[in-house]
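Q: the sequence and its predicted three-dimensional model are supplied below.
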2 protein chains.
Amino acid sequence: MCQPPSLFQERIEQLETAMHTMELDAIILNPGPGFSYLSGLSFHLSERPVLLLLVPGRGVALILPELELAQLEALPFPAEVFSYGERPEQWPQLFKEAFARMGLDKKRIGLEPEQLRLLEYQLCRQAATTALFQDAAPLLSRLRSIKSEQEQQLIQRAVTIAEQALETTLETLCLGMSERELAAELFIQLLREGSEPSLPFMPIVASGPNSANPHAVPGERRLQPGDALIIDWGASHQGYVSDLTRTFAVGEENEELQRVHAIVQEANGRGREAGKPGLACAQLDRLTREVIETAGYGPFFTHRTGHGLGLECHESPYIRQGYNHPLQPGMTYTVEPGIYLKNQFGVRIEDDIVVTATGSVSLSSMNRNLTIVG
Amino acid sequence: MCQPPSLFQERIEQLETAMHTMELDAIILNPGPGFSYLSGLSFHLSERPVLLLLVPGRGVALILPELELAQLEALPFPAEVFSYGERPEQWPQLFKEAFARMGLDKKRIGLEPEQLRLLEYQLCRQAATTALFQDAAPLLSRLRSIKSEQEQQLIQRAVTIAEQALETTLETLCLGMSERELAAELFIQLLREGSEPSLPFMPIVASGPNSANPHAVPGERRLQPGDALIIDWGASHQGYVSDLTRTFAVGEENEELQRVHAIVQEANGRGREAGKPGLACAQLDRLTREVIETAGYGPFFTHRTGHGLGLECHESPYIRQGYNHPLQPGMTYTVEPGIYLKNQFGVRIEDDIVVTATGSVSLSSMNRNLTIVG
């Protein structure tokens, strides 16, 4: 990411303040979005453990393979580096040294259960047998959920790339094309428009009865007149992602599809416009869901209304029942109501929203009407 | 994967036999290669936990979100299913029910530390407080390291796709192109040739001094005459992967590059041909490394000679010092010697090898000579 060193220093300071209120003495992170958020570095999870230790007052330590040392040239702050060669036998001793150097005896160490693997966790436990490990995920995700102006711009760019890529892809769409072929073409257009190749997720292209499965995988089914066609796709820009869905009618009008689509479109509109500072996420879910319930399709809207997005495609806040945190300016999330009629068809319309000082705006603007394609 | 149900039944039986010798009562897996190997299903890691429990004598249980239930239609064996809605508050109780139903009280449960996240591990620990959890990774990776004829064919296909994609990409290569542009073009050609979009890794395109970093990330540097150019890339076919590297000279002859390339090419040839049943992996590393050491470049070959590949790009066996397991028929691995001269250039040549009944053969055959491109 092309971001100034001061940005990372700021994030670390914010995290340290939050750690202080939770009485945490340290945080450990393995490669993933939290790691990138704090360090600007992107390592992949591999069989070789990588760990960042942040200890307020002592600074940052990194444990990593020698093979990755070159990446540290981009590190925006000083760090104590503990590197190892090609022998896993060296890992336990190196972790011990790093934890001892950072003074982690009997300390309270925060971690992220959704990210940390048992591999790293066990090495940490052995290295700091007297330390107390506890969940620090809410702390990090709260920090990450408020996007700066610059982060919002990066997400906006990821949205624009995605929208342009789908526009170009639709020009090539024709009857008889398979879901898989259409997904591959969309992938190529995403790259051509400038998305990073590490897409937030593989595009979902689901036609006919397959569209009734919210998490369908593109297969060999070919587009036929009368099909509903759900395309759920996103782009990645400097690590930040977009996540959109549109539903089309293939080849011809289809009355039932039109009726259901209109309901989902109304729910999407309600959800897009309702967001504002102070509104509980569960309440936003409720408002959106109501439109579908009132129309008699409540049981067929089988998932939450949406999820936060940023460095991850699914992150805080979650727009669902039971998640009562209030929206705050700078939060970004999806609104994606859907109706799924098993063995028949499904409809979903998804946009990416950012909370402003007084309300919310949609970063995505592509036509949401039921369009006939092919 | 288009594989017969009996295949998965066979794998489970083999695993159960191995579990018996280790006195393991159960295995738990979260989404990843082991999960796919046993079930044929591919879930992505997300904020929603997914778990497979295998208990010999009792069968298989799956814990997963309702949203993913449709995927189970492809499950090649019966399973007890425990599904949950959109409220994480339900997870602990559901895990408890599943573990109770499978009779896991006081049992020995195997897991994979490189794959299992703390999220799932903690839910399991709470669900089976009297169970003993232990590392079962070697058992699973040993099973997966021996590839059937069909698996070898899938890897062969992934190799062929990769080779064809690079051939086509090289036709578009020209001076002044950036590493990033070349990597994007290669990605597109991989898709066009039929690779699954979930590549085993993002192609490495490293030019000039960047080629001296084994894990370089393609950047804005533009190809210049006299550059060394390392391309390290792979394709994915029905979940199985390839992983290849070739080194080129950009625009013109370059004597030092030729000399170093010849040494690496000799080491690659030695490594490609040396594999056979019974040879220790460390010994294969030794034989390959010797060529480079003899030429006086030992300290500049900074990584292991290779790694197994299959459903994962890095898996058992590892071709490195200290890994003394013998090669066995059906094992597939890379041979990828390299020499890295910091601030100058690097050379790496990587092929994918399969062990036969009497020796080994290379699945990759693309020209390994130092070719001038651009």
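A: Here it is on my side, so go on. Numbering: from 1, shown residues only, chains lettered A, B, ... in the order given.
Q: touching, residue A:226 and residue A:251? I think so.
A: Yes: using CB atoms under 8 Å, residue A:226 is in contact with residue A:251, at 6.5 Å. From N, CA and C alone the C-beta is placed, and that goes for glycine too.
Q: so for the two, which residue has more residues nearby?
A: residue A:251 (17 against 14; other CB atoms under 10 Å in any protein chain shown).
Q: got the contact list for the more buried one?
A: Applying CB atoms under 8 Å, 6 or more residues apart in numbering or on different chains, we find residue A:251 in contact with A:175, A:223-227, A:372-374.
Q: neighbours around the nearest residue to it once chain neighbours are set aside, how many?
A: Leaving aside its chain neighbours, residue A:251 sits nearest to residue A:225 (3.3 Å; criterion: CB to CB, 6 or more residues apart in numbering or on different chains). Neighbourhood size, residue A:225 [other CB under 10 Å]: 12.
Q: next one: the one 5 residues further on
A: The local packing of residue A:230 (other CB under 10 Å) involves 28 other residues.
Q: can you tell me which residues contact it?
A: Contacts of residue A:230 (CB under 8 Å, 6+ apart): A:204-207, A:211, A:216, A:245-247, A:346-348.
Q: and if we set it to 6 Å?
A: Neighbour list for residue A:230: A:206, A:211, A:247, A:348 [criterion: CB atoms under 6 Å, 6 or more residues apart in numbering or on different chains].
Q: and the longest helix seen in chain A, how far out from the chain middle?
A: In chain A, with assignment by DSSP state H, the single longest helix is helix A:149-172. With CA atoms, centre = their mean, to the nearest Å as the basis, helix A:149-172 stands 15 Å off its chain's centre.
Q: show me what the helix or strand following that helix is packed against.
A: Reading on from helix A:149-172 to the C-terminus, the next helix or strand found by DSSP states H and E is helix A:179-192. Judged by 3 or more CB pairs under 6 Å, 6 or more residues apart in numbering or on different chains; DSSP states H and E, the packing partners of helix A:179-192 are helix A:149-172, strand A:204-207, helix B:179-192.
Q: run through who's touching the longest one.
A: Right, helix A:149-172. Under the contact criterion CB under 6 Å, 6+ apart, helix A:149-172 has outside partners A:185-186, A:189-190, A:193-195, A:233-235, A:237-238, A:240-242, A:244, A:332, A:352, A:354, A:363-364, A:366, A:373.
Q: quick one: the strands in the stretch 1-150 of chain A?
A: Using DSSP state E, counting those that start in this stretch, the strands found in the stretch 1-150 of chain A span residues A:26-29, A:51-55, A:59-65, A:80-84, A:108-111, A:132-135.
Q: give the pairing partners of the second one; include direction for each.
A: In this case it means strand A:51-55. The pairing partners recorded for strand A:51-55 under DSSP bridges are strand A:26-29 (antiparallel), strand A:59-65 (antiparallel).
Q: and these as TSV, adding mean pLDDT and distance to residue A:138?
A: Putting the strands paired with strand A:51-55 into TSV (pLDDT from 0 to 100; distance: least, CB to CB, whole Å) gives the following:
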stretch	mean pLDDT	distance to residue A:138
strand A:26-29	97	12
strand A:59-65	96	22
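Q: up against chain B, what does the stretch 151-300 of chain A have?
A: Neighbours of chain B within the stretch 151-300 of chain A, by CB under 6 Å from any CB of the partner chain: A:184, A:187-188, A:191, A:197, A:202, A:213-215.
Q: of those residues, closest to chain B?
A: The closest of those to chain B turns out to be residue A:213 (CB to the nearest CB; 4.2 Å).
Q: which helix or strand contains residue A:358?
A: Here residue A:358, judged by DSSP H and E, is contained in no helix and no strand.
Q: what count of nearby residues applies to it?
A: Residue A:358: 8 neighbours (other CB under 10 Å).
Q: ditto for residue A:86
A: Neighbourhood size, residue A:86 [other CB under 10 Å]: 19.
Q: need the winner for burial among the helices and strands packed on helix A:179-192.
A: Highest mean neighbour count among those (mean count of other CB atoms under 10 Å in any protein chain shown): strand A:204-207, with a mean of 26.
Q: now do it: which elements does it pack against?
A: Where contact means 3+ CB pairs under 6 Å, 6+ apart, strand A:204-207 is packed against helix A:179-192, strand A:228-233.
Q: how far away is the closest residue to residue A:42 other than its chain neighbours from chain B?
A: Nearest residue to residue A:42, sequence neighbours excluded (CB to CB, 6+ apart): residue A:36, at 5.2 Å. Note on residue A:36: its distance to chain B, by CB to the nearest CB, to the nearest Å, is 13 Å.
Q: what of residue A:12?
A: 23 Å.
Q: give me the residues contacting stretch A:118-133.
A: Applying CB under 6 Å, 6+ apart, the external contacts of stretch A:118-133 come out as A:28, A:30, A:49, A:51, A:91-92, A:95-96, A:99, A:104-109, A:111, B:113-114, B:116, B:118, B:121.
Q: local confidence estimate at the residue nearest to residue A:42?
A: Residue A:36 is assigned 95 on the pLDDT scale.
Q: shouldn't it be in contact with residue A:43?
A: No: using CB atoms under 6 Å, residue A:36 is not in contact with residue A:43, being 8.5 Å away.
Q: and for the two, which residues touch both?
A: Between them, residue A:36 and residue A:43 share no contacting residue, judged by CB under 6 Å, 6+ apart.
Q: compare those two (neighbour count), which wins?
A: Neighbour count, other CB under 10 Å: between residue A:36 and residue A:43, residue A:43 has more, with 20 against 17.
Q: for chain A, give me the ranges with low pLDDT.
A: A:1-2 (pLDDT under 70).
Q: can you list the domains in it?
A: As given by automatic domain parsing, the domain ranges for chain A are A:5-144, A:146-373.
Q: reformat those domains as CSV; add distance to residue B:161.
A: Listed next are the domains of chain A as CSV, based on distance: least, CB to CB, whole Å:
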stretch, distance to residue B:161
domain A:5-144, 22
domain A:146-373, 13
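Q: inside helices: which ones of the contacts of stretch A:118-133?
A: With DSSP H as the criterion, helices contain A:91-92, A:95-96, A:99, B:118, B:121 from among the contacts of stretch A:118-133.
Q: and stretch A:34-48, which residues are buried?
A: Under the neighbour-count criterion of 16 or more other CB atoms under 10 Å in any protein chain shown, stretch A:34-48 has A:34-43, A:45-48 buried.
Q: just those now: which is nearest residue A:309?
A: Using CB to CB, residue A:37 is the member of these that lies nearest residue A:309, at 13.7 Å.
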